[in-house]
Every structure is written in C-alpha cells, then in structure tokens.
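Colleague: Return a 3D structure for these sequence lines:
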Amino acid sequence: MTSKKAFAVLVCSLLALQSYAHGGPPGQAAHSTDMFSVPDAELGSPLVFIIYGDMRFTDPSETVAAAPGPRRALVAKVASESPDALFLTGDVPWHGGSAGDYRVFGEETAVWHERNLRLYPVLGNHEFSGCEAAECLENWWRAFPEFRGRRWYAVALGTKLRAFALDSNASLLPGSEQRQWFEREMETLPGDVRIAIVALHHPPVADQGFFIVRSNERALAAYLKSIARRSSARFIVCSGHVHNYERFERDGVLYLVSGGGGAKPLVVHRGRADRYRDSAFPNFHYIRFELQGEHLTAEMKRLEDYAAPSPLLWKTKDRFELWAKPR
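Modeller: Okay, here's the model as predicted:
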C-alpha cells in the first residue's frame, strides 16, 4: 500500500470512529418528547407484552438466510396473543436497503395491523444493510412512520412499566448523544415505575464463542449496574442479534437474548452463567410477559414443528418470574 493510500485509510478510519462515538450518522432529530404513552385505562389486566427479534423479512424463496415458515408461524402466533405491546429487537428486514424486504414485512404482518397491535421496534444492523445510513433510516421510517426522526425513544405502558428502545448501531458510550438522553431518562424515572425494560439489538451480555460482546454494550451494562442498585424499578434488558435464546442475571439486572424470529439459527455454547440449559435447537421463539400488580411472569414460547410445511405446535420451554422491589 502506498503512503497516500495508507494515509487515506487512516483518515477514513478515524472519521468512522469519531462518528460512532457521537452516535453515528445521522443523529437523533430534536423532539419536544421522545416518549410514547399508553394510559392504564387502555391496557389489559394483566398487562401482556411480547418481545422477539431477528425475523429477516425477505422474499420467501430465500430459505438459507431466513426461514419463512417459522417466521410466518411466529407472526400468526404473536397476533393470536393480542398483546398490549409488541417490541421487536431488530433485524426486521434482511436488507434495510431493499424496498422488497420491507414490502414482505408489510404483507406478512398485515394481521398485526388488522388487530391494531402497538408495535415498538428497535434498529438492528441489518436495517443498515445495502444502503447509506440516511437512505436506510428513510426506509425504516417509511415502515414505522410514527417514529420518524427517532433512533431511540421511551414507552410508558401505564404507570408501572417503562420501556426504552435503544439503537445499538449508535454509540452508548459515556458522553454520546444517546447515552446522555438515556441518563436523563434514568434520572427522571418516576417512582411509580416498577419494571423498566431496555430493548436493543446487540446484547450487553451473551454466551461467548462465535459472538463477542462489544465495548458499546459493555458500557451500557456497566451503567445499568450502577442504576439498578439505587432505582426503585427492576431492570430487564432484551436484545437480539444472536439467533437463539439466552437468559442471564448480572448485577441485579435480568438479561435476555431473543433472536429466534426466523433468521438463520445460530448454535451457542452455553456458559454456566446462562440460566437456560435446554439443548433443543433451533429455538424459533418469542417471549411473553404478563404484569399483574407487582408481579411479572415471563415464558419463552418455542416452535416445536419448525420443519413442517405449516408449523403450529408450540411449547413453553422457559419460565421465570420477578417481583417488584419493596416500596
């Protein structure tokens, strides 16, 4: 490599690092509020919400990068649950630059819109595949117009549950735009909030091996460690990216990986810290949460007959519960 080429590569690398540290191009647009609220009176009793991700909606003829049968089965099963809210942990399309992939997403999830499900998505890395950042975000906001201009936001589901949808493609390091926003949200979190959900794509905690947790998400985990000690809320972090299911408890925070939405499954080598020990594979699944008063229960629902032409058999493969902190 010539000295001029080497210098050009160095400059580009430094610019990329600087962009990442400050939230990535483009940043969050200014809004009077980044909060979406649903009053208690409009929520069910118990309050039910679902989290899952890594669907990779694309042409159904693509059966290597994604599994259209399980993907469609999950969409139908989630719709049948009629949750109060549905959080998607990213990689909704296979290629964020493909209008066709978003069209398939719209067609295959039409039942969600027919049932008026409240959808709260987060950006994954595949949302930025095959396009420049500005174009990728424009495609994303066309699919989810209610979030236009927002790469991260908060959701108040009644008075007891608060969710934070973060963008792990942008910086979560101290001093970054997103981190400053999140810290302000934590500093002003109402005392009535009993459960705080943090949803993002890249996991802050995961089984090691093929996937290594990045410094961006490690920084978030370090911050949550300090917050969990003094907050009146219990924290649950839900991510995707790893195409499997994992469950960890660390520093007073529950970490879940839910990436079994239809993308090509990934084998994980479960360390002793992973509370989920079942060896069944693949784990096409979703997580169903139910909040009743101060008590939260969660179940991982796994698709059993995933290889069938029309899969429809489900089994609860993991179950856990949490109580809100004493007041």
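Colleague: where along the stretch 201-327 of the chain do the strands fall?
Modeller: Assigned by DSSP state E, counting those that start in this stretch, the stretch 201-327 of the chain shows strands spanning 234-239, 245-250, 253-258, 285-292, 295-303, 314-323.
Colleague: which one of those strands is the most hemmed in?
Modeller: Burial of these is given as mean neighbour count (mean count of other CB atoms under 10 Å); strand 253-258 ranks first at a mean of 26. (Each C-beta comes from the backbone N, C-alpha and C, glycine too.)
Colleague: Direction included, what does that one pair against?
Modeller: strand 234-239 (parallel), strand 245-250 (antiparallel) (DSSP bridges).
Colleague: Give me the angle between that strand and strand 285-292.
Modeller: Computed by axes from the mean of the first three to the mean of the last three CA atoms, to 10 degrees, the angle separating strand 253-258 from strand 285-292 equals 140 degrees.
Colleague: Identify the residues contacting strand 253-258?
Modeller: If you take CB atoms under 8 Å, 6 or more residues apart in numbering as the criterion, strand 253-258 is touched by 51-53, 89, 203-206, 221, 224-225, 228, 234-242, 244-249, 285-287, 300, 320, 322.
Colleague: can you rerun that using 6 Å?
Modeller: 51-53, 89, 203, 205-206, 224, 228, 235-239, 242, 246-248, 287 (CB atoms under 6 Å, 6 or more residues apart in numbering).
Colleague: same thing with stretch 293-308?
Modeller: The contact list for stretch 293-308 (CB under 6 Å, 6+ apart) reads 70, 73, 195, 245, 283-290, 311, 313-324.
Colleague: got it, and stretch 84-99?
Modeller: Counting by CB under 6 Å, 6+ apart, 43-44, 47-51, 53-58, 65, 101-102, 105, 117-124, 126-131, 136, 139, 157, 199, 201, 239-240, 258 sit against stretch 84-99.
Colleague: Of those residues, which belong to strands?
Modeller: Taking DSSP state E, the ones among the contacts of stretch 84-99 that sit in strands are 47-51, 119-121, 157, 199, 239, 258.
Colleague: which two from those end up farthest apart in space?
Modeller: Greatest spatial distance among the ones in strands among the contacts of stretch 84-99 (CB to CB): 47 and 239, at 21.6 Å.
Colleague: which residues in this structure form helices?
Modeller: Remark: helices assigned in the chain by DSSP state H are 3-21, 68-81, 99-108, 110-114, 133-143, 177-187, 215-230.
Colleague: Of all these, which one is nearest residue 166?
Modeller: Judging these by CB to CB, what sits closest to residue 166 is helix 177-187, at 6.7 Å.
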